[in-house]
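Q: next one to model:
(2 chains, ligands or ions: 1)
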Amino acid sequence: MSDVLKGNFKPQNAVVVPEEKPETLEERFERTALKRLGGSIAFVSKKKVMWDLKDKV
Amino acid sequence: MAKVLFINPVVREEDVPRHIPYGIALLATLAMEKGHLVQVYDENAWRKGEAVLRQVLTADEWDVVALGGITTAYGSIKTIVRLARRLCPRALIVLGGGVLTSLPREMMGFLPEVDVGVIGEALVTFNEILAMLDSGVRDWGKVLGTISRGPDGALIMSGQRPLIENLDSLPYPAWDLFPLEEVYFKNSESLFSEEGMMAKRRLDINGSLGCSLVCKFCFHLGITGDMRYEEDEAGVVNVAFDRKGSYTRAIRYHSPEYIVKMVKFAYDKYAIDFVAFIDENLMTMDQHSGRTWLKEICRLWHEYGLAPQKNPDGTWTGVCWGGTSHATLCNPEILKIMREAGCAQLVYGYESFAPHVMKSIGKGATPASNMRSFFWTLEAGIRPIPNQIIGFPNEDFDSLRANMEAWKKLGLVVKPHFATPYPGSEWFTVYRKQIERQYQGDLEQFILDLGDASKSSAIISHNFNAVELIGLRDLMMSFNWRQLDEYERIWRINRGIPEGKPSTLYPGAGPHLAIDEPAKPSLTLVAGA
Ligand code: B12
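A: Predicted structure coming up:
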């Protein structure tokens, strides 16, 4: 990763950008489905699910 | 010498970053020329989240944290200045750009963390702020073009900053301080033409500042002579922009030599293959120069070896380009010359094909001039980008149909914007009360809600609400004439408009019902009977 700070001098502290995690299969699926959303293409955004087990029974 | 951290806030988050912020890039060069220590964090390009932003803000002992942008960057700006205030307690926080300029007093209220706001053109103001900081004085009221806080917290607006006269005196933007290779060149594609789509190394270039037109939905950032300082009855000075009977403009452009030399410099240094002119309206400049400006730019484009040489597969060597045109200001001769020099695409704000709508928006164009320019541009071999807007104050069923007919006839494939009263535009001034009412009196909520005008925010149509506009846009795009007719019948019943009267509530065009009168309850189902 190149420096995210760019300028005409060297700042006192370096900025360390954490490694980006590779896209998971789940993320790839949801991103691809979102592009074609509509009609029969509908999906669960798994990270947004609010589990409420009480209601389930 | 001041240690300056520029931050470019996130804008249009739903898309990848495509545009180096030209103003910030210029200010960075100007500050470096004066010997200041400058770093740029392009948060819009990197989008690395708060953890990285924290590191950036603590990477050094910043004297100045400077940021700015267009109004829709407000949400990001708010987050950044809050964090900056906490992590850089002794830094001067400076905000500029359209977001501040359109509403300086309100913004300083919404963002108590900001120390100094730069109103309008910052090219001279910003370095004067840095010079004052270096001198140990903090008397911002003496720096023209600023808004700051007095010891009692009251806002101090200094005098208006005059615009610089000679744009050619400006240095080139500090492109090297932005992630060209890492981010911007990767997002070179601009889906406005075949060449735009295939561009691999696009760069934005600004050739001029100004626009001779007075479109009521438009804002010109206070950097085009569009801004005046006015005093109200209470003696409070504030900025004022386009208003009926009061329009001001300054037209400024770089010389063709300056522009083409800058492009050649970028071609040699970065191997760019496409230039997107971000000028508001190239044709204004051409007309103002007595039709010499674009011709000369094109001549030099050839002379400097930039005119693209095409390969059979559509790729090219040289630099293709595009920009913004205007229906009444272009002509076939110049379009042809532009094409030969590599112009691939021209944005036309056609907005509408209904005569009564076109008459009301201040554009100076008509449906007929729209169509004429459309064919001229196509004939020249340039792709016209036919922008459309619906939801104008006097939009009605007739105008929607006129648009659909034109789209059919001209083969236009569009999803129109919604007329949006961005702060600084004439329609923001005219409809401010109605806008605030739609956000329960909370102007900041409206600003946070602003994004692309392809989504609905505050509505300024006298005839249609947001639900109707969204539905009507859908019917228009699918050319669903039947349901449009059907809905017009329902709409007339709901609005109590008798047979024989036009389907509109716009003052002067039918029964006078103002946009702010409470809507009558809807009786959607009766009409089918
Ligand atoms: C490039 C551009 C964009 C870029 C972003 C630009 C950016 N990061 O600044 C993108 C493509 C994202 C964009 C989007 C939109 N844009 Co736009 N865009 C432009 C454009 C073509 C060029 C801007 C520019 O570089 N100008 C020239 C430079 C020199 O000006 P500048 O950067 O503003 O800098 C000067 C001052 O403003 C100030 N300044 C700026 N930043 C800073 C920072 C500091 C610290 C300081 C001190 C001063 C300062 O000092 C600079 C020197 O004087 C202008 C038209 C134009 N030609 O100006 C429209 C314009 C800015 N856009 C406009 C609009 C309406 C939009 C959209 C809402 C349109 C839409 N599609 O719906 C969208 C918003 C999208 C979204 N979801 O957020 C309006 C105004 C918006 C506003 N109210 O602020 C403009 C003026 C066009 C118009 N006439 O209507 N846009």
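Q: and the closest residue to chain B within chain A, its phi and psi?
A: Closest residue of chain A to chain B, C-beta to the nearest C-beta: A:Gly7 (3.4 Å). Yep, even glycine has a C-beta here, placed from its N, CA and C like the rest. Dihedral angles of A:Gly7 (phi, psi; degrees, to the nearest 10) stand at phi -170, psi -160.
Q: my read is that it contacts B:His36, right?
A: No: counting by C-beta atoms under 8 Å, A:Gly7 does not reach B:His36; the two are 10.0 Å apart.
Q: returning to that earlier point: what's the local residue count around the residue of chain A closest to chain B?
A: Around A:Gly7 there are 23 other residues, counting by other C-beta atoms under 10 Å in any protein chain shown.
Q: determine how far the longest helix along chain A lies from the middle of the whole chain.
A: Here the longest helix in chain A is taken by residue count, with DSSP state H as the criterion, and it is helix A:25-35. Helix A:25-35 has its C-alpha centroid displaced from the chain centroid by 10 Å (C-alpha atoms, centre = their mean, to the nearest Å).
Q: so which residues of chain A form strands?
A: Counting by DSSP state E, the segments of chain A that form strands are A:5-7.
Q: what does it have sitting close to chain B?
A: A:1-2, A:4-9, A:11-18 (C-beta under 8 Å from any C-beta of the partner chain).
Q: list the contacts for the residue in chain A that the ligand sits nearest to?
A: Shortest chain A-to-the ligand distance, computed as C-beta to the nearest ligand atom: residue-wise this is A:Gly7, at 14.7 Å. With contacts taken as C-beta atoms under 8 Å, 6 or more residues apart in numbering or on different chains, A:Gly7 has the following neighbours: B:Leu37, B:Val38, B:Gln39, B:Val40, B:Leu177.
Q: quick check: which element contains the third one?
A: Same thing as B:Gln39. The secondary structure element spanning B:Gln39 is strand B:37-42 (assigned by DSSP states H and E).
Q: confidence score at A:Glu19?
A: Each residue has a pLDDT score; the one for A:Glu19 is 89.
Q: now do the helices in chain A.
A: With DSSP H applied, chain A shows helices at A:25-35, A:53-56, listed in chain order.
Q: where does pLDDT dip in chain A?
A: Along chain A, the parts satisfying pLDDT under 70 run over A:1-2, A:53-57.
Q: and it, which of its residues are near the ligand?
A: With C-beta under 6 Å from any ligand atom as the criterion, chain A does not come near the ligand at any residue.
Q: B:Gly153 and the ligand, how far apart?
A: If you measure B:Gly153 against the ligand using C-beta to the nearest ligand atom, to the nearest Å, the figure is 22 Å.
Q: check for me that that residue belongs to a helix.
A: No: the assignment for B:Gly153 is coil, going by DSSP: H, G, I helix; E, B strand; the rest coil, so no helix is present there.
Q: what about it, neighbour count?
A: Should you count by other C-beta under 10 Å, B:Gly153 turns out to have 7 residues around it.
Q: so what's it up against?
A: Shown in contact with B:Gly153 (C-beta under 8 Å, 6+ apart): no residues.
Q: mind listing residues that contact the next helix or strand after the strand holding B:Gln39?
A: Scanning the chain past strand B:37-42 towards its C-terminal end, the next helix or strand to appear is helix B:43-46 (assignment: DSSP H and E). With contacts defined as C-beta under 8 Å, 6+ apart, helix B:43-46 is touched by A:4, A:17, B:7-11, B:17, B:21, B:52-53, B:73, B:76, B:80, B:178-179, B:182-184.
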